[in-house]
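Novice: Any chance you can model this:
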Amino acid sequence: MNPLAVEAPSYMTEDLRIFEDGVAKFLDREAVPNAERYIAQHQVDRALWTKAGEAGLLCASMPEEYGGAGGTFAHEAVLIDQLGKKGVDGWGIVLHNAIIAPYILHYGTEEQKKRWLPRLASGELVGAIAMTEPGTGSDLQSVKTTARRDGNHYVINGSKTFITNGGTANLIIVVSKTDPDARSRGISLVCVETDEVEGFRRGRILDKIGQKANDTAELFFDDVRVPTENLIGIDEGQGFIQLMQQLPQERLIIAAQALAVIERALAVTTDYVKERKAFGKLLIDFQNTQFKLAEVKTEATVAKVFVQHCIDLHLRGKLDATMASMAKLWLTDKQCEIVDECLQLHGGYGYMNEYPIARMYADSRVQKIYGGTNEIMKLLISRSL
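Specialist: Numbers count the residues shown, from 1 in each chain. The predicted structure is shown next:
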């Protein structure tokens with residue numbers, strides 16, 4: 001049941017409805033039955049990526065000439081929505097589709113697009129981006145990983161942490177310094193195909209509070225040599241600009257993920273309070289329950305309208321960094337607040353991992369941290385005033 005009655009946005013075409021139905025059926029068949037195992041092993045099965053490629057879910061928004069499905073960001077938004085509502089949002093397919101592939105499409109050379117995008121679309125390659133370092137979080141200008149030019153190769157040295165898809169990815173965009181003395185102007189994005197190099201090591205799969213189905217990992221680069229043609233784009237020093245230009249989409253993705261979880265939390269909690277009794281009455285018959293869910297439904301409705309508006313802006317090329325930051329800030333704050341309220345209505349059962357609301361509670365907290373902390377979002381928004 002969908003407790004919200006928000007009219008479908010104008011971009012929701014018949015093609016997207018067919019795609020949505022296909023995504024839902026794929027997840028019900030291939031992912032949902034294995035969700036507990038993915039959590040236990042801290043990653044999805046490698047075969048799931050290949051099956052997703054065969055089903056046309058990988059690189060859905062990439063052009064057909066590069067192996068993609070020829071869709072738009074609206075297709076990725078549909079995928080995000082279904083992942084959240086099905087409870088398999090720990091799978092890093094959204095990063096692969098809507099963050100990694102776009103870097104190659106927008107900034108890569110024609111040779112790079114033909115070399116990597118079809119293999120990302122098939123699932124032969126799984127993508128990741130290595131930004132965060134043990135001593136560097138939101139301050140990307142201060143990364144220490146270096147890519148030193150040596151003839152027709154770069155030699156990469158450094159370590160990364162908190163890398164989504166890090167345990168599986170075999171195409172990793174490494175945020176590195178090609179000029180260590182130049183701050184932001186010295187940053188470049190260099191691709192590493194891990195199956196083809198020496199000196200690359202994966203550390204442990206990190207033990208997180210939530211999002212346990214994702215293989216978030218440490219990565220180490222010890223004199224890793226890659227050809228200079230693995231530099232994304234033509235010129236060195238463009239990495240920081242490339243990162244900043246793609247951040248609005250990344251933050252919109254996080255907002256859309258938050259919305260999907262908000263809707264799921266409201267749906268499962270509404271079902272729960274209509275079945276659970278206390279003091280001889282159904283929980284839904286208590287005024288406190290009614291008032292709490294009325295507040296949640298109102299906020300969820302506002303959230304959905306806002307996210308759909310931002311997606312529409314993005315599809316028309318009008319989503320700016322400020323609006324994306326507001327979406328990320330408000331939606332993730334509301335996600336954590338709403339999931340907490342819904343857990344409270346479950347009582348003690350809400351604290352048990354066998355109940356979906358408990359998993360949502362643990363999974364939600366990181367949303368206010370990655371993609372730029374919410375404190376950074378406030379700083380960025382304030383600059384527009």
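
Novice: From now on I want contacts and neighbour counts done on CA atoms only, so please keep to that.
Specialist: OK.

Novice: Which pLDDT does the model give residue 1?
Specialist: We have a pLDDT of 49 for residue 1.

Novice: same thing with the one 4 residues further on?
Specialist: In the prediction, the pLDDT value recorded for residue 5 is 83.

Novice: Report the contact partners of it.
Specialist: Contacts for residue 5 (Cα atoms under 8 Å, 6 or more residues apart in numbering) come out as residue 301.

Novice: Three-state assignment for it, please.
Specialist: What DSSP: H, G, I helix; E, B strand; the rest coil gives for residue 5 is coil.

Novice: Look up how far residue 298 lies from it.
Specialist: 11 Å (Cα to Cα, to the nearest Å).

Novice: same thing with residue 216?
Specialist: For residue 216 relative to residue 298 (Cα to Cα), the value is 34 Å.

Novice: Show me what the helix or strand residue 247 falls within packs onto, helices and strands only.
Specialist: Following DSSP states H and E, one finds residue 247 within helix 239-273. Counting contacts by 3 or more Cα pairs under 8 Å, 6 or more residues apart in numbering; DSSP states H and E, helix 239-273 packs against helix 73-86, helix 101-107, strand 187-193, helix 287-315, helix 321-346, helix 356-364.

Novice: Quick one: list the elements packing against the third one.
Specialist: Put plainly, it is strand 187-193. Packing partners of strand 187-193 (3+ Cα pairs under 8 Å, 6+ apart): strand 171-177, helix 239-273.

Novice: where in the chain is pLDDT low?
Specialist: For the chain, applying pLDDT under 70 flags the ranges 1-3, 137.

Novice: per-domain residue ranges of it.
Specialist: 14-125, 128-237, 241-382 (automatic domain parsing).

Novice: Mind putting those into CSV with mean neighbour count?
Specialist: As requested, those are exported to CSV (neighbours: other Cα atoms under 10 Å):
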stretch, mean neighbour count
domain 14-125, 19
domain 128-237, 20
domain 241-382, 19
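
Novice: What distance do you get for residue 75 to residue 13?
Specialist: To residue 13, residue 75 is 10 Å away according to Cα to Cα.

Novice: typo on my end, residue 87
Specialist: For residue 87, the distance to residue 13 - Cα to Cα - is 25 Å.

Novice: and if you look at residue 249?
Specialist: 21 Å.

Novice: for residue 156, same thing?
Specialist: Look at residue 156 and residue 13: by Cα to Cα, they are 45 Å apart.

Novice: do residue 158 as well
Specialist: Look at residue 158 and residue 13: by Cα to Cα, they are 46 Å apart.

Novice: What of residue 53?
Specialist: Distance from residue 53 to residue 13, by Cα to Cα: 23 Å.

Novice: so residue 229 sits in a helix?
Specialist: Yes. Judged by three-state DSSP, residue 229 forms part of a helix.

Novice: TSV please, covering the helices and strands packed on helix 239-273 and showing distance to residue 45.
Specialist: Formatted as TSV, those follow (distance: least, Cα to Cα, whole Å):
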stretch	distance to residue 45
helix 73-86	16
helix 101-107	21
strand 187-193	20
helix 287-315	31
helix 321-346	28
helix 356-364	20
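
Novice: right, so of these, which gets closest to residue 277?
Specialist: helix 321-346 (10.8 Å; Cα to Cα).

Novice: how far does that closest one sit from the chain's center?
Specialist: On the basis of Cα atoms, centre = their mean, to the nearest Å, helix 321-346 sits 16 Å off its chain's mean C-alpha point.

Novice: I'd like to check the angle between that helix and helix 287-315, please.
Specialist: Angle of helix 321-346 versus helix 287-315, following axes from the mean of the first three to the mean of the last three Cα atoms, to 10 degrees, is 160 degrees.

Novice: so what does helix 321-346 touch, helix or strand wise?
Specialist: With contacts defined as 3+ Cα pairs under 8 Å, 6+ apart, the packing partners of helix 321-346 are helix 239-273, helix 287-315, helix 356-364, helix 374-382.

Novice: let's see it at 6 Å
Specialist: helix 239-273, helix 356-364, helix 374-382 (3 or more Cα pairs under 6 Å, 6 or more residues apart in numbering; DSSP states H and E).

Novice: Export these to a markdown table and append columns for distance to residue 125.
Specialist: Shown next, in a markdown table, are those (distance: least, Cα to Cα, whole Å):
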| stretch | distance to residue 125 |
| --- | --- |
| helix 239-273 | 21 |
| helix 356-364 | 26 |
| helix 374-382 | 32 |
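
Novice: wait, which of the ones you listed is closest to residue 350?
Specialist: Among the helices and strands packed on helix 321-346, if distance is taken as Cα to Cα, the winner is helix 356-364, at 5.5 Å.

Novice: Helix, strand, or coil at residue 162?
Specialist: What three-state DSSP gives for residue 162 is strand.

Novice: re the thing from before, go through the helices and strands packed on helix 321-346 and name the closest to residue 64.
Specialist: Comparing those under Cα to Cα, the one sitting nearest is helix 239-273, at 21.0 Å.

Novice: So what touches the helix or strand containing residue 148?
Specialist: For residue 148, the host element (DSSP H and E) is strand 146-150. With contact meaning Cα atoms under 6 Å, 6 or more residues apart in numbering, strand 146-150 is reached by 154-157, 176-178.

Novice: do stretch 370-378 as well
Specialist: 138, 325, 329, 368.

Novice: Let's see the distance spanning that stretch from one end to the other.
Specialist: Criterion Cα to Cα; first-to-last residue distance in stretch 370-378 is 14 Å.

Novice: do the same with stretch 184-199
Specialist: End-to-end distance (Cα to Cα), stretch 184-199: 26 Å.

Novice: again with stretch 162-170
Specialist: For stretch 162-170, the end-to-end distance is 16 Å (Cα to Cα).

Novice: Dump the C-alpha coordinates for stretch 295-302 into CSV.
Specialist: Written as CSV, here are the backbone C-alpha positions of stretch 295-302 (Å, rounded to 0.1, in the frame of the first residue of the first chain):
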residue,chain,number,x,y,z
GLU,A,295,2.3,14.4,10.9
VAL,A,296,4.5,11.8,9.2
LYS,A,297,2.1,11.6,6.2
THR,A,298,2.1,15.4,5.9
GLU,A,299,5.9,15.6,6.0
ALA,A,300,6.2,12.7,3.6
THR,A,301,3.8,14.3,1.1
VAL,A,302,5.8,17.6,1.2
